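Visitor: with the sequence up front, the predicted model follows.
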Amino acid sequence: MTNSMPENRLLELDNVQVQFPMREGLVKAVNGVSYHVNKGEVLGIVGESGSGKSITARAIMRLLPKNAKETGGSIRLRPRTGEEFELSALDRNSRAVRQVRGNHIGMIFQEPMTALSPVHTIGTQIMRTVQLHKGLSKADARARAIELLAKVQMPRPAQLVDAYPHQLSGGMRQRAMIALAISCDPSLLIADEPTTALDVTTEAQIIELLKELKSELGMAIVFITHNFGVVADIADRVSVMYLGRIVETADVDDIFYAPKHPYTQALLRSIPRLGVDQGRRLPTIPGMVPDPFSVPNGCAFNPRCIHAVPGLCDTKVPPELRFGSQMSRCHIAEQFAQTEQQEPAHV
Ligand SMILES: Nc1ncnc2c1ncn2[C@@H]1O[C@H](COP(=O)(O)OP(=O)(O)OP(=O)(O)O)[C@@H](O)[C@H]1O
């Protein structure tokens, strides 16, 4: 019997495991991931490519690739309607999952055409969703589509409701995808690198829009990115992933001012600081992310870690060590507990 979730809890992942059996070996893409999202907060998920950020999100949405094997863990959702869903027990095509995807969780992607159909106008696509899930009449659904496009600050919403995705700019397509994702007033939005392909100005506008929508709609967001600068801007809390595991979770200020995992520290050191690092060579994290078929023993980061302790870090998987609300999976995290950084690495 599982315990009930705390009152303010929206989503809870406990020891989620997803593997891909491949000819070359077994890829443990998600290797015991636990995190939670409280109502109305933004959780940033940061990590290099291949760390398992997207596969974890797809496990929540029940949209895992066909060759994925879920080998354990639980995923629970309690949207604002008060119902409780054990998502990990639900089949990807079940009625309950379609209800969750339509009504309670929206998802946006790096590439808007993943979510938008090229052969239907954006208005038609939004209308279909709200007619199906909210039971609106055609006229009300069209009014709702225009209202949603206005909410995502689409210019001339009454005209562009009849536009096809290819007639819109990249930033406008991103807005249309967001309108579709929020059309049924979800309690949670999963944003998987939604601004990575955009220029910096459009990226800033989309982040601003998501922040406004969050406050206005009381929606929580899981924001997946490899960009720490974006996380600083939008997240309340941050989880850092490395090779299928969360290695650190903390409030956003603690992540930047008092990181307690050498991987987080290394990622922060590699961010250029405006005005400080111009013309200076930036440190990069030594070594490459190991290939997923031969993950190092012990702490998977140990071959790249400047603090690695031989005989410990290369043999034992670090437990989750807690420092108040902060969690670090580093054997020697205690050592970093007192050493607050003087300046945030992202400035
Ligand atoms: N369909 C698949 N078949 C086999 N392996 C896969 C498949 N999809 C993902 N993987 C593997 O799972 C691991 C995690 O991938 P995932 O896409 O979650 O990483 P990510 O952190 O989201 O990376 P990115 O930032 O590049 O999207 C990687 O090693 C990846 O190669």
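Guide: On my side now, so go ahead. Residues are numbered from 1 along each chain as shown.
Visitor: low pLDDT regions in this structure?
Guide: Residue ranges of the chain with pLDDT under 70: 1-3, 272-283, 338-347.
Visitor: what's near enough to touch the residue nearest the centre of it?
Guide: Against the mean C-alpha coordinate of the chain, by Cα atoms, centre = their mean, the closest residue is Ile224 at 2.9 Å. The contact partners of Ile224, taken as Cβ atoms under 8 Å, 6 or more residues apart in numbering, are Gly44, Ile45, Lys53, Ser54, Ala57, Ile190, Ala191, Asp192, Glu193. For the C-beta atoms, the positions are set from N, CA and C on the backbone; glycine is no exception.
Visitor: surely Leu10 touches Leu43?
Guide: No. Counting by Cβ atoms under 8 Å, Leu10 does not reach Leu43; the two are 9.9 Å apart.
Visitor: now do the shared contacts for the two.
Guide: Residues touching both Leu10 and Leu43 (Cβ under 8 Å, 6+ apart): Val37, Ala220.
Visitor: spatially nearest residue to Pro157, not counting backbone neighbours?
Guide: Excluding the flanking residues, the one nearest Pro157 by Cβ to Cβ, 6 or more residues apart in numbering is Leu149, at 3.6 Å.
Visitor: residues near the closest residue to Lys69 other than its chain neighbours, how many?
Guide: Spatial nearest neighbour of Lys69, chain neighbours left out: Gln19 (4.9 Å); criterion: Cβ to Cβ, 6+ apart. Residues lying near Gln19 (other Cβ atoms under 10 Å) number 19.
Visitor: buried sites along whichever helix or strand Gln19 is part of?
Guide: Gln19 belongs to strand 9-22 when elements are defined using DSSP states H and E. By neighbour count on 16 or more other Cβ atoms under 10 Å, the buried set for strand 9-22 is Leu10, Leu11, Glu12, Leu13, Asp14, Val16, Gln17, Val18, Gln19, Phe20.
Visitor: contacts with the ligand among the residues you listed, please.
Guide: Under the cut-off given by Cβ under 6 Å from any ligand atom, the ligand has Phe20 from these close to it.
Visitor: so which of the buried residues of strand 9-22 is the closest to the ligand?
Guide: Proximity of the buried residues of strand 9-22 to the ligand (Cβ to the nearest ligand atom) peaks at Phe20, which lies at 3.6 Å.
Visitor: got a list of what the nearest residue to that closest one once chain neighbours are set aside touches?
Guide: Once flanking residues are discounted, Phe20 sits nearest to Val27: 4.2 Å by Cβ to Cβ, 6+ apart. When contacts are counted by Cβ under 8 Å, 6+ apart, Val27 touches Gln19, Phe20, Pro292, Phe293.
Visitor: show residues contacting stretch 63-82.
Guide: For stretch 63-82, contacts defined as Cβ under 8 Å, 6+ apart pick out 2, 5, 9-21, 29, 32-33, 39, 55, 58-60, 84-88, 92, 100, 103-105, 186-188, 218.
Visitor: now the top helix by length along the chain: buried residues?
Guide: Assignment by DSSP state H gives helix 200-217 as the longest helix of the chain. Neighbour counts over helix 200-217 (16+ other Cβ under 10 Å) mark Thr202, Glu203, Gln205, Ile206, Ile207, Leu209, Leu210, Leu213, Lys214 as buried.
Visitor: got it, and stretch 96-104?
Guide: In terms of neighbour count (16+ other Cβ under 10 Å), stretch 96-104 has its buried residues at Val97, Val100, Arg101, Gly102, Asn103, His104.
Visitor: in the stretch 101-250 of the chain, what residue is nearest the ligand?
Guide: Minimum separation of the stretch 101-250 of the chain from the ligand (Cβ to the nearest ligand atom) falls at His226, amounting to 5.6 Å.
Visitor: now what about stretch 8-16, what contacts it?
Guide: Under the criterion Cβ under 8 Å, 6+ apart, residues 5, 30, 32-39, 56, 59-60, 70, 72-79, 88, 187-188, 220, 222 lie in contact with stretch 8-16.
Visitor: thinking again about what came up before, name the helix or strand for the residue nearest to Phe20, please.
Guide: Assigned by DSSP H and E, Val27 falls in strand 25-38.
Visitor: quick one: the helix or strand just after that strand to strand 9-22, angle?
Guide: Using DSSP H and E, the helix or strand that follows strand 25-38 in sequence is strand 42-46. Using axes from the mean of the first three to the mean of the last three Cα atoms, to 10 degrees, the inter-axis angle of strand 42-46 relative to strand 9-22 is 20 degrees.
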